[in-house]
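A.B. asks: Sequence first, then the predicted structure:
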Amino acid sequence: MNRPLLSIEDLRVTFDTNEGGLTVVDGVSLSVNAGEILAVVGESGCGKSVTALSVLQLAGTNSRVSGGSINFEGVDLTKLPADQIRQYRGKKISYIFQEPMTSLNPVLTIGEQIMEPLMLHEGLSRKAALKEAVRLLEMVNMPSPDVRVREYPHQLSGGMRQRVMIAIALSCKPALLIADEPTTALDVTVQAQILDLMENLQKELQMAIILITHDMGVVAEFAHRVAVMYAGKVVEVAPADAIFSQPGHPYTQALMRSIPAMDSDVERLPTLAGTVPSPAAMPAGCRFFDRCDFGIAECQKTDPPMFGTGHEHTVACIRAEHVQCHFQRTQEKA
Ligand SMILES: Nc1ncnc2c1ncn2[C@@H]1O[C@H](COP(=O)(O)OP(=O)(O)O)[C@@H](O)[C@H]1O
Ligand SMILES: [Mg+2]
């Protein structure tokens, strides 16, 4: 058995707000193996970012881990004091945010920003760090890297800024890269280039990637394994091919129907009526019940547990087998 590199177990994350505690991540379990690309999918507001940010204690000062653990190389990251978690950030675990402009410092050259973690974590001299910065820019296919290294973020296009973010993220050769909708802010051709780049670098550096996306097309192309989140919970985990050939959760099927219609601005699924319930008013039982075509009375009574429906394939739906059969019948007809 491959021991997971990162293993999130029964994680709960609660925000303290004026209206009281809001638990937006509610019992999430996920793992990623060394060198594996795990996609995490689901509509806006499902808790993808909060789950991922919690790995590095970046979910914000009003957030707290109210249950569970996040284990990385034998250490529970949720238990680490601030000075120790900082040792992981950008070194063993890197994070790429959705919006490259806001994550780069406007008053520093991109060279300075790539050099900083190299000097801090790797102990490189300024001269060596500058040389390495140029090499990293080359690696992410930045045109004229020796010129660009002296430029400021506003002088670069969105795609180039995201390449810089990737260069920074990879500078210390992390074991795990968390990429949170890394291409959503970019146009479609640039998206494809950035994703290809990430895939090539992942192979070259043998790092694991958690790729957060709402785009099932991206999942089909890049992911080894997929976790589907809905309303603060994981509802299905499976190898990527099984997610597409035998989706067991009605929500996963709805996500798949949305592939051609999905674009970067979509906040809701065009093929699925209704919205994700709010964390302040979570229904009892299955949280997807209101939007589900397969629901029966029992679904509203208890929270469906995850159970196996195939090789490394788990689904949190008491109707999963029926749902899979239905899917196969509609595929045969099509
Ligand atoms: N700082 C915060 N305070 C209160 N609620 C928050 C905060 N950040 C996120 N949330 C809520 O947590 C839920 C999950 O958000 P998020 O993880 O960003 O979703 P996703 O990344 O799947 O779109 C949402 O309901 C969001 O409104
Ligand atoms: Mg998000």
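C.D. replies: Thanks, I have it. Ligands and ions are numbered 1, 2, ... in the order given.
A.B. asks: tell me the mean pLDDT over whichever strand or helix holds Val323?
C.D. replies: According to DSSP states H and E, Val323 maps onto helix 320-333. Helix 320-333 shows a mean pLDDT of 90 in the predicted model.
A.B. asks: Run through who's touching that helix.
C.D. replies: Identification of contacts with helix 320-333 by C-beta atoms under 8 Å, 6 or more residues apart in numbering yields 246-250, 253, 294, 307, 309, 317. The way it works is simple: take the backbone N, C-alpha and C, and place the C-beta from them, glycine included.
A.B. asks: hmm, 10 Å instead?
C.D. replies: For helix 320-333, the surrounding residues in contact (C-beta atoms under 10 Å, 6 or more residues apart in numbering) are 235-236, 245-253, 256, 292-294, 296, 304, 306-310, 313-315, 317, 319.
A.B. asks: Going through the residues you listed, which ones are buried?
C.D. replies: 235-236, 246-253, 256, 292, 294, 304, 306, 309, 313-315, 317, 319 (16 or more other C-beta atoms under 10 Å).
A.B. asks: Pull out the buried residues from stretch 21-36.
C.D. replies: Under 16+ other C-beta under 10 Å, the buried positions of stretch 21-36 are 22-33, 35-36.
A.B. asks: hmm, back to that, chain center to the helix holding Val323, what's the gap?
C.D. replies: Centre-to-centre, helix 320-333 and its host chain are 28 Å apart (C-alpha atoms, centre = their mean, to the nearest Å).
A.B. asks: Let's see that helix as PDB, backbone CA atoms only.
C.D. replies: Provided in PDB are the C-alpha atoms of helix 320-333 (Å, rounded to 0.1, in the frame of the first residue of the first chain):
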ATOM      1  CA  ALA A 320     -25.600   4.900  -5.300                       C
ATOM      2  CA  GLU A 321     -26.100   1.600  -7.000                       C
ATOM      3  CA  HIS A 322     -29.400   2.600  -8.500                       C
ATOM      4  CA  VAL A 323     -27.900   5.900  -9.600                       C
ATOM      5  CA  GLN A 324     -25.000   4.100 -11.300                       C
ATOM      6  CA  CYS A 325     -27.400   1.700 -13.100                       C
ATOM      7  CA  HIS A 326     -29.500   4.600 -14.300                       C
ATOM      8  CA  PHE A 327     -26.300   6.400 -15.600                       C
ATOM      9  CA  GLN A 328     -25.200   3.300 -17.500                       C
ATOM     10  CA  ARG A 329     -28.700   2.900 -19.100                       C
ATOM     11  CA  THR A 330     -28.700   6.600 -20.200                       C
ATOM     12  CA  GLN A 331     -25.100   6.100 -21.600                       C
ATOM     13  CA  GLU A 332     -26.200   3.100 -23.600                       C
ATOM     14  CA  LYS A 333     -29.100   4.900 -25.100                       C
END
